[in-house]
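Participant: Got a predicted structure plus its sequence, pasted below:
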Amino acid sequence: MERLILIETSTSLCSVAIVENGKIVCERLSDEPRAHASMTAPYISDMLKERGLKVSDCGAVAVSKGPGSYTGLRVGVSTAKGLCFGAGIPLVSVGTLDTLVWQAKDEGLVPEGCAYIIPMIDARRMEVYTAVFSPDGKQLTPTTASVVTSDSFKERLEEGKVLFIGDGAGKCEGTISHPNSVFVQCCPKASGMKTPATAALKEGRFEDVAYFEPFYLKEFVTTVSKKKLF
């Protein structure tokens, strides 16, 4: 049986699921602020108990590799590595943008006549992590951190309907006003990893558990508190 634990913590949503033979059989979600560190592992434990499983009963653990929240990605990857080390099973990774594309397809969010799917992960101000995908899920452009303007994706929009999906889509809705634009504001969910994660398991595309690192795209920037301590 093809069974995987799926972990998606790249944005504000903490999401985990179990997929068996291409179907989501168990899922946990929480949008509580800063819940990733405290809830990811307990959620996985609850799901395994519900299904009467051990971690070693799964063929692999799949984790979101980014881009996205630095802290969220670290929590997801460290949890996934711990499960893999402890149970001796492989690790696979799925890009956050790929997850959003397959989420759109699985949930029937792709509009009729769609020419492109453009997932967007919220970055700073009007910046998003994004790439252009075909409606069948193939990535057509590199993943970039882009500032969205009224002219963004103009040529793509002239070709037909374009679905903008992700937690960065909503803030772009007032800037991109082309009639072919369709916006779905949502966070990536573990269930959206189902298809690419299962494919990675079948094809044996495993990560090195010891050395795998998330794809941050941009370096983590620390800030100095303005509060006076003394």
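Facilitator: Perfect, thanks for sending it.

Participant: Quick test: name the residue nearest the centre of this protein.
Facilitator: Thr96 (3.0 Å; Cα atoms, centre = their mean).

Participant: give the contact list for it.
Facilitator: Taking Cβ atoms under 8 Å, 6 or more residues apart in numbering, we find Thr96 in contact with 8, 10-11, 64-68, 119, 121, 129, 188. (C-beta placed from N, C-alpha, C; glycine too.)

Participant: Can you report how many residues lie near the residue nearest to it when sequence neighbours are not counted?
Facilitator: Closest residue to Thr96 apart from its sequence neighbours, by Cβ to Cβ, 6 or more residues apart in numbering: Ser10 at 4.5 Å. Neighbours of Ser10 under the rule other Cβ atoms under 10 Å: 33.

Participant: A helix includes Ser10, no?
Facilitator: No - Ser10 is assigned coil when assessed by DSSP: H, G, I helix; E, B strand; the rest coil, not a helix.

Participant: returning to what we had before: inside strands: which ones of the contacts of Thr96?
Facilitator: The members of the contacts of Thr96 that map onto strands under DSSP state E are 8, 64-66, 119, 121, 129.

Participant: residue boundaries of the helices in the chain?
Facilitator: Using DSSP state H, the helices found in the chain span residues 36-51, 70-87, 96-106, 154-158, 194-203.

Participant: Tyr211 is nearest to which of the ones you listed?
Facilitator: Relative to Tyr211, the nearest member of the helices of the chain by Cβ to Cβ is helix 70-87, separated by 10.0 Å.

Participant: tell me the average confidence for the closest one?
Facilitator: For helix 70-87, mean pLDDT rounds to 97.

Participant: by contact count, what packs against it?
Facilitator: Counting contacts by 3 or more Cβ pairs under 8 Å, 6 or more residues apart in numbering; DSSP states H and E, helix 70-87 packs against strand 3-8, helix 36-51, strand 60-66, strand 91-95.

Participant: buried ones in it?
Facilitator: Neighbour-count burial for helix 70-87, counted by 16 or more other Cβ atoms under 10 Å, picks out 70, 72-77, 79-81, 83-84, 87.

Participant: from those, which single one is nearest Pro42?
Facilitator: Among these, Thr79 lies closest to Pro42 (Cβ to Cβ), at 10.5 Å.

Participant: Could you list the domains of this structure?
Facilitator: As given by automatic domain parsing, the domain ranges for the chain are 3-95+188-203, 97-185.

Participant: Just say which of these is most tucked in.
Facilitator: Highest mean neighbour count of the domains of the chain: domain 3-95+188-203, a mean of 20 (counted as mean count of other Cβ atoms under 10 Å).

Participant: how long is that domain end to end?
Facilitator: Taking Cα to Cα, to the nearest Å, domain 3-95+188-203 runs 14 Å from one end to the other.

Participant: Name all residues that make contact with Val55.
Facilitator: Residues counted as contacts of Val55 (Cβ under 8 Å, 6+ apart) are 5, 48, 61, 83, 86-87, 89.

Participant: Repeat that for Glu32.
Facilitator: By Cβ under 8 Å, 6+ apart, Glu32 lies in contact with 14, 39.

Participant: And the spatially closest residue to Tyr43 that is not a sequence neighbour, how far from Leu6?
Facilitator: Sequence neighbours aside, Arg28 is the residue nearest to Tyr43 in space, at 3.9 Å (criterion: Cβ to Cβ, 6+ apart). Arg28 sits 10 Å away from Leu6, going by Cβ to Cβ, to the nearest Å.

Participant: what do these two both touch?
Facilitator: Shared contacts of Arg28 and Leu6 (Cβ under 8 Å, 6+ apart): 16-17.

Participant: Cool, thanks, talk later.
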